[in-house]
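[1] coords below, sequence missing:
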């Protein structure tokens, strides 16, 4: 399928009535800000500390420029990628985002329905409001993101459930062994978990429920506090990965790697791939931009599976990350805004638009496949 | 003719009554924005994706600074250039811009009248609202810009008509084998072609008309859709240039070249010159700035005919591009705004002002001819 | 003690009612600006000349980025530092700031109470409104900052009183031998000293009082003018340090060093440590950023005790300065704003928040101790 | 005289009543903008083309940072300079600015009175409204700036009159052999000369008057037009300098030099010194920043007399230019604004403030003399 053909058809149509939905990532964000209450918007939009990591993520993309090639005869392009057995029609997956119920009541199920409809895989968060099983029921192409909490039995249960529910890989997040310092949430006293939001995996988990005296329905605050209490796990070391590696035969990725050294360590522990990420600037304030870290990691590991997230807002960002060595990127905040604005249909619209924009930008840049892009396609500004 | 002499005369005059027209490029743009409806203004002003290529085009000029030379005795300056047999009184031509009827009802004819009056050549667009022949009737110095659509007979017909109507060269655009992703137009659902605007070459072309069952007068939407359907032609390769080369004895240029490799390929296929351009940032988002690409292309081809467009807003920009190796530059959006504000007289005013400003800036920088400028006249900021 | 554990407890609490106090440094500043009269706010917030040194201080931090390390098993972190025998629970002390009575009536005593409660040491200013002895009564961990005025007997008296009152070191300020040119104060005609504010050490000093004919209670303006007249002392040279060195057995630091050469000179004169500082941009306009000077000084003196201040606003700033070689940093304006907003409780809140934010940022960056940080933890943007 | 002593006295005074005048350069500019009509303000504040040279002038200063030195014992500083026999109490002179009658009715005489009172020399403009002789009557320390118009007899007459009226040097401007393209003036149709403003030297000159049929009093417009007609003189070459050199025994400087090559040429023609200048960004748009050109010129001519102007707004700027090799700088727009706001007293205030600020900044940076500054006092940001 090529999207630009569809686009022109669509253009003729839309030219007769204005579009129902926002177009650019910034449009979705503004629309979401108008719709959501300040606490929920701040939770999604905010970052750690002075939010300098968030800014750095965006600025890093501006320093690389694409060098288009003409007349490459690329009437057919291939936007698809396959990463550890998971295919996507475009070079992006949907990043794991917790607590999407604060954006829209249909939360992760709506996202998964959009994922299933578009074929773009979803990484379901450990901190989702909907459960592993409910999301699996959508038939979305799916991986499971694991917060490695301080109760190995809960972790093992999550992994087992994800395997049984057909998730294609486990992506364990390394950068959030405790929550970052997030001024927007602190100002608003915003902590959705204590209302049970983002507790979907826990409240549906037999091991977690066995830890409670009363069910979450009977005593929500205690259940939520118990969940939060399992969270901090800063004692984890690279050697602990061996235990996790032993819990599953699924591909196992680590998310939050920002240096070449850490990427090498991950592979030495049998990890199948790394996600270069600073968690969208939500954890370490002042951290290196994700795109800059991608360059370091790819230089260190020319052959490994390397995904990245952080600052992806438009097609040009996707193509630059691919040219700098990503096997695929993860799209984060933009789809949370689209969910807030339009639920499942909003997310579908965003995905289709991004696919179309990537296809057009690749087509016009002279690419035949997103997988052929390398640094010769870029120059520094 | 020297413009600065005229300027002082003029200054004495204008000092007695305020100027009728805007002065700087930004003034024309603001006046145009006030006059045009948002859809038309957005179509002209907008770019692809996040519009980062547009911004990069402008920013690239700021990084080069002119090194003025004193007392060069340049009482007479020569602003003129001759490119492939086409002379201009100043080192710029008018870039091909489609659909100018959205800016002013007189559209390309008004621009051509200003071109004829000033002697600054016009590149007539394949997507103009007025026809090749109507524009030729103005006696403007003229080249024809060709969109190489997916119907060779239409292309050949356009080329033949341009030859017969006295156009001095064919400039085939390589960077728009399909339309870019332009959020401003998508937001407004703005597609002027379906109302017949920008279809002037097609609706006056015997080959194109033979493809229709009903005339455009009878069924405008179908005619416009047919026109749009001829547009995408991503299958084109460098070898296809040999066919086009064979269709005409006119000088043939390619527009949209952004790398030294592509410029070399063009020359290898018998092309007479290249226009370094990213289509004003309207096609590939995140692309290299046109001025930076000019440096790469000129380094690759020290002797070739190289024009450029993208970000030219004032005399300093023109002189910098000349010093970096352009044989001439193309002026784009500014004259579309002048057309919107003042029709033919607006475009004439803009041209005369830019000529005067170039002459003064060259005079004061110590230049005797725009053609003598080289990199020794510049330094990096 | 680890702060992040406390944080999650706190988060559960605050999620049920909004925080009483500002969160980020910018929030405190805005709240202070609303509360204070323009003269007082301008005195605290302003800098010398065009305030370019102030801006440079902030911008310098943005150019360094932290390279987080994952899975270091840092469940216990050590934020504490010990500098010349003075311990702090976090890698910052409270910078000497004069005239805090313009921010809050409790002034330095309130700050000292917050210092005592938190254990974060205070550097009491020679230009404080409360006296050496009154501040000592709070039992705050404390050093004394000395303005070396042009009357050695007053200097000696200040040093003797500080020793007797249990101050742990003398920090002599080199960069303020006369006051800088501060447009905000000049515009407001703001000079708090002539109302007796900031004269606490003088009006309680037997030597100073012996210089007056009438007591400050009888003739405040003359007393204040006499105090101001002792101030300028530009004749001081490095050799004069030997005299001061001879006045005390306490550790002696010099504050205001901005070059490696000066740092070397200080050590050659028996100084125990240097504070790299441009006085928060309040003295030399156009000066080098404090963080950039820290790099030069640390390169020059790999083993010396080096503190720094200037631009510290958040945890990331603290960690970057530590990684660039500071033994500790001094926090300045932010606590003056907190004092203005909330008195002692405001300062305590600010300190606890900064400790928590540092702990979280260090935890998430993979650090086990603030003292292990070096340049391998950073990269240039 | 040291200014900082005076400053503290003054501070005690002003602390009891707000200052009558603006403090910083930006304050004067804002006050002038409020007071002047838009045409006059635009004429003073504006620059050529897109005004990018003006911005570059300011930005160049931000890239250099001062490295203060402590404890240099500089209780006495020497701000004075002597350039070709002309002394100034500070390292700046007042740049030649034409048509000051548009700022204040007392125009150049008011400036000259402030110059006489402060001892800071004035460069009287050829385009002043008050004559060579009227300005000389103030006893201001003075040089004469010559626009080398296309009538050698007028030039020679101007030079002769300046000699006779006790001007200490002739500074011939090379960068304004015709007027630049200035959009602010063009928008306002602002040309003060046609009302006789800025014609003081001409209308008092016997040679010029001999060219008229009717006196300026009888026919102002013709007289002004005749004056303007003498202006353009782009035919001048370096060899012509030999004629001018022969007209006077006074020191002869050229103003407007921006390259090392031109500076060498000037010296080869017997010129006594150069003023690095881009005319405050009023002539060549897109030109190199004056401070960057100063570096090139000083590198080319380590021993020559080199002044500079362009972007001097505060003491830090002055010190940076001195450290980069200027023998003195010229202060331009700021004093025109001060004249507009307060006439002679405004200019005096501005001069005294700048002297005091320079003295304080030098004192605090550890300098003993503005003449000892070299590049070791600076670092790049």
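    Yep, that arrived. Remember, it's a predicted structure, so these values are computed and weren't measured experimentally.
[2] Next SSE downstream of the lengthiest helix in chain A?
    When chain A is parsed with DSSP state H, its longest helix is helix A:333-365. Counting by DSSP states H and E, the next helix or strand C-terminal to helix A:333-365 is strand A:378-380.
[3] which parts of that following strand are buried?
    A:378-379 (16 or more other C-beta atoms under 10 Å in any protein chain shown). Every C-beta, even on glycine, is put in place using the N, C-alpha and C of the backbone.
[4] and that strand, which strands flank it?
    Its sheet considered, strand A:378-380 pairs with strand A:64-66 (antiparallel) by DSSP bridges.
[5] Output the contacting helices and strands for the longest helix of chain A.
    helix A:3-14, helix A:25-35, helix A:38-45, strand A:92-94, helix A:107-118, helix A:315-323 (3 or more C-beta pairs under 8 Å, 6 or more residues apart in numbering or on different chains; DSSP states H and E).
[6] Do me a favour and average the pLDDT over it.
    Averaging pLDDT along helix A:333-365 gives 97.
[7] Now do that helix and helix A:25-35, the angle between them.
    160 degrees (axes from the mean of the first three to the mean of the last three C-alpha atoms, to 10 degrees).
[8] centre of the chain versus helix A:333-365, how much separation?
    How far helix A:333-365 lies from its chain's middle: 14 Å, per C-alpha atoms, centre = their mean, to the nearest Å.
[9] again with stretch A:235-252
    21 Å.
[10] and it, anywhere near chain C?
    Yes: using C-beta under 8 Å from any C-beta of the partner chain, stretch A:235-252 reaches chain C at A:235-238, A:240-241.
[11] which parts of the stretch 201-350 of chain A sit against chain C?
    Counting by C-beta under 8 Å from any C-beta, the stretch 201-350 of chain A sits next to chain C at A:225, A:228-229, A:231-232, A:234-238, A:240-241, A:254, A:256-259, A:261-262, A:265, A:278, A:283-289, A:292-293.
[12] Which of those residues fall within helices?
    A:225, A:228-229, A:240-241, A:261-262, A:265, A:292-293.
[13] Nearest to residue B:186 among the residues you listed?
    When these are compared for distance to residue B:186 (C-beta to C-beta), residue A:292 wins out at 31.4 Å.
[14] Enumerate every residue touching the closest residue to the closest one other than its chain neighbours.
    Distances taken as C-beta to C-beta, 6 or more residues apart in numbering or on different chains put residue A:60 closest to residue A:292, at 5.3 Å, once the chain neighbours are dropped. By C-beta atoms under 8 Å, 6 or more residues apart in numbering or on different chains, residue A:60 lies in contact with A:289-292, A:311.
[15] between the helix or strand that contains residue A:60 and helix A:38-45, what angle do the directions make?
    Per DSSP H and E: residue A:60 is located in helix A:52-62. Orientation check (the same axes, to 10 degrees): helix A:52-62 against helix A:38-45 gives 50 degrees.
[16] Show me which residues of helix A:52-62 are buried.
    Those buried within helix A:52-62 under the rule 16+ other C-beta under 10 Å are A:52-54, A:56-62.
[17] got it, and stretch A:157-170?
    Judged by neighbour count (16+ other C-beta under 10 Å), stretch A:157-170 contains these buried residues: A:157-159, A:161-163, A:165, A:167-170.
[18] And those residues, which is closest to chain C?
    Closest approach between the buried residues of stretch A:157-170 and chain C, by C-beta to the nearest C-beta: residue A:170, at 15.9 Å.
[19] I figured that closest one hits residue A:160, correct?
    No: with contact defined as C-beta atoms under 8 Å, residue A:170 does not count as touching residue A:160 (10.6 Å).
[20] For the stretch 251-381 of chain A, which residue gets nearest to chain B?
    For the stretch 251-381 of chain A, C-beta to the nearest C-beta, closest residue to chain B: residue A:316, 2.7 Å.
[21] Over in chain A, which residue gets nearest chain C? Let me know.
    Of all residues in chain A, residue A:286 sits closest to chain C, at 2.7 Å by C-beta to the nearest C-beta.
[22] got a list of what that residue touches?
    Contacts of residue A:286 (C-beta under 8 Å, 6+ apart): A:49-50, A:52-53, C:61, C:64-66, C:314-317, C:319-320, C:361.
[23] repeat that with 7 Å
    Going by C-beta atoms under 7 Å, 6 or more residues apart in numbering or on different chains, residue A:286 touches A:49, A:52-53, C:65-66, C:316, C:319-320.
[24] quick one: which of those is nearest residue D:176?
    Among the contacts of residue A:286, and counting by C-beta to C-beta, the member closest to residue D:176 is residue A:52, at 46.0 Å.
[25] Can you pull the poorly scored residue ranges out of the stretch 251-381 of chain A?
    The model of the stretch 251-381 of chain A has no residue with pLDDT under 70.
[26] rewinding a little: what remains of the residues of the stretch 201-350 of chain A next to chain C if I keep only buried residues?
    Among those, the ones that count as buried by 16+ other C-beta under 10 Å are A:228-229, A:231-232, A:234, A:236, A:238, A:240-241, A:254, A:256-259, A:261-262, A:265, A:278, A:283-289, A:292-293.
[27] And the residues of stretch A:235-252 next to chain C, which two are furthest apart?
    Every pair in the residues of stretch A:235-252 next to chain C was compared (C-beta to C-beta); the two farthest apart turn out to be A:235 and A:241, at 13.3 Å.
[28] in what helix or strand does residue A:311 lie?
    Here residue A:311 sits in a region with no helix or strand, counting by DSSP H and E.
[29] Excluding chain neighbours, what is closest to it?
    residue A:57 (3.3 Å).
[30] Is that neighbour in contact with residue A:310, as I believe?
    Yes: if you go by C-beta atoms under 7 Å, residue A:57 and residue A:310 touch, sitting 4.3 Å apart.
[31] Mutual contacts of those two, please.
    With C-beta under 7 Å, 6+ apart, residue A:57 and residue A:310 have common neighbours residue A:290.
[32] near chain C, anything from stretch A:133-146?
    No: on the criterion C-beta under 7 Å from any C-beta of the partner chain, stretch A:133-146 is out of touch with chain C, staying 13.9 Å away.
[33] Start and end of that stretch, how far apart?
    Terminal residues of stretch A:133-146 lie 15 Å apart, using C-alpha to C-alpha, to the nearest Å.
[34] roughly how far apart are the residue in the stretch 51-200 of chain A that chain D sits nearest to and residue B:52?
    Residue of the stretch 51-200 of chain A nearest chain D, by C-beta to the nearest C-beta: residue A:59 (17.8 Å). Residue A:59 sits at a distance of 12 Å from residue B:52 (criterion: C-beta to C-beta, to the nearest Å).
[35] now do residue A:102
    Per C-beta to C-beta, residue A:102 is found 31 Å from residue B:52.
[36] so who does the residue nearest the centre of chain A touch?
    Centrality entry for chain A: nearest residue to the mean C-alpha point is residue A:95, 1.0 Å, by C-alpha atoms, centre = their mean. Residue A:95 makes contacts with A:123, A:309, A:330-332, as judged by C-beta under 7 Å, 6+ apart.
[37] Please identify the helix or strand for residue A:274.
    strand A:273-276.
[38] Is residue A:177 in contact with residue A:237, as I believe?
    No: Residue A:177 is beyond contact range of residue A:237, at 10.9 Å (criterion: C-beta under 7 Å).
[39] so what's residue A:305 closest to, chain neighbours aside?
    That would be residue A:273: by C-beta to C-beta, 6+ apart, it lies 3.2 Å from residue A:305.
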